[in-house]
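>>> Structure for this input, please:
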Amino acid sequence: METIHTSNQGKNYADLKLAIDVLNSMYTNDNIDEFIIMSNDKDMTPLLNTVRLNKRKASILTTGNTYNHTLCEFADEQIEFDKIVEIEYKGTLLIDEIKDRFFDDIKKHIEKSLYEYSTEGSKGYKKHYNLDYFLITQMDYYNVLKYEMLNIVSILYSEKKIIAYTSHVKNNVLPAIIPTEFKEKFLEFGIIQQSDICSNFDFNKSVLECYDNYKPKDKN
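I've put the predicted structure just below:
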């Protein structure tokens, strides 16, 4: 979602900007099958008509009871905003599914690494789940932005499903993590010490800092 200021010396050119965006997308992207325009203004009727003439579905999203009924006649479908906000979604959100899969992947990774460490006589535990590295691979795998993956980690941390530790991850901004159920094994094997565990790591701060990197930079 992109917020665009459309006020110019007291004049609002939101309708013009919206129309330009729709037409540009329609003529340059054949993968778009439907345009949903949120407006109560009948000035949108030529745009709706143009979209339909180009064999795309044109839907109008109206608010309240102040919309012009002529506007709806030019659309393939009218969607009432008030009815949308009343809908209670009972399914599972994609981000929640990713969180569960991500957590399962961590468990499998740590479980395998612990098994290899305990049976193969390794000189040292080498496979720490270092977030600075793994977040990059995971964001590509799940096709989400880095700060979204980091937010998932933050939620898991707040739910006490994972613990964070800073040993063995020198010169990195983010800690390593393991599912809480493996904490005692890591302490027993001497992989980490109790003093290595971060009791209150501020993942929310890391999420915001990561999010700021996606913001457009001030040219001034």
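>>> Name the residue closest to the centre of this structure, please.
What sits nearest the mean C-alpha location of the chain, by C-alpha atoms, centre = their mean, is residue 148, with 4.3 Å.
>>> Not counting its neighbours along the chain, what's nearest that residue?
Counting by C-beta to C-beta, 6 or more residues apart in numbering, residue 95 is the residue found nearest to residue 148 once chain neighbours are left out, at 7.1 Å. In short, each C-beta sits where N, CA and C put it, glycine included.
>>> And the one you found, how close does it get to residue 150?
12 Å (C-beta to C-beta, to the nearest Å).
>>> related to what we said a few turns ago, mind checking how far the residue nearest to the centre of the chain is from residue 173?
17 Å.
>>> Over to residue 152?
Residue 152 is 17 Å from residue 173, by C-beta to C-beta.
>>> Tell me the buried residues in whichever strand or helix holds residue 95?
In this assignment (DSSP states H and E), residue 95 forms part of helix 94-119. Of the residues in helix 94-119, 98-99, 102-103, 106-107, 110, 113-114, 117 count as buried by neighbour count, 16 or more other C-beta atoms under 10 Å.
>>> Could I get the full set of strands for the protein?
7-8, 11-12, 34-38, 57-62, 77-80, 162-165, 176-179, 197-198 (DSSP state E).
>>> hmm, back to that, if you count what's nearby, which of residue 152 and residue 173 comes out ahead?
residue 152 (24 against 10; other C-beta atoms under 10 Å).
>>> residues touching the residue nearest to that one when sequence neighbours are not counted, list them.
Nearest residue to residue 152 in three dimensions, chain neighbours excluded: residue 99, at 4.7 Å (C-beta to C-beta, 6+ apart). Listed by C-beta atoms under 8 Å, 6 or more residues apart in numbering, the contact set of residue 99 reads 152, 155-156.
>>> pLDDT wise, what is residue 99 at?
In this model, residue 99 is scored at 92, pLDDT.
>>> likewise residue 198?
Looking at residue 198, the pLDDT reads 89.
>>> Beta-bridge partners for it, please?
Listed by DSSP bridges, the beta-bridge partners for residue 198 are residue 164.
>>> State whether it and residue 175 are indeed in contact, as I suppose.
Yes. The criterion here is C-beta atoms under 8 Å, and residue 198 meets it with residue 175 at 5.7 Å.
>>> shared neighbours of these two, which are they?
Residues touching both residue 198 and residue 175 (C-beta under 8 Å, 6+ apart) are 164-166.
>>> Turn those residues into a markdown table, including neighbour count and pLDDT.
Output for the shared contacts of residue 198 and residue 175, formatted as a markdown table (neighbours: other C-beta atoms under 10 Å; pLDDT from 0 to 100):
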| residue | neighbour count | pLDDT |
| --- | --- | --- |
| 164 | 21 | 94 |
| 165 | 23 | 92 |
| 166 | 16 | 84 |
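>>> got those residues as TSV, with distance to residue 128 columns?
Formatted as TSV, the shared contacts of residue 198 and residue 175 follow (distance: C-beta to C-beta, whole Å):
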residue	distance to residue 128
164	11
165	8
166	10
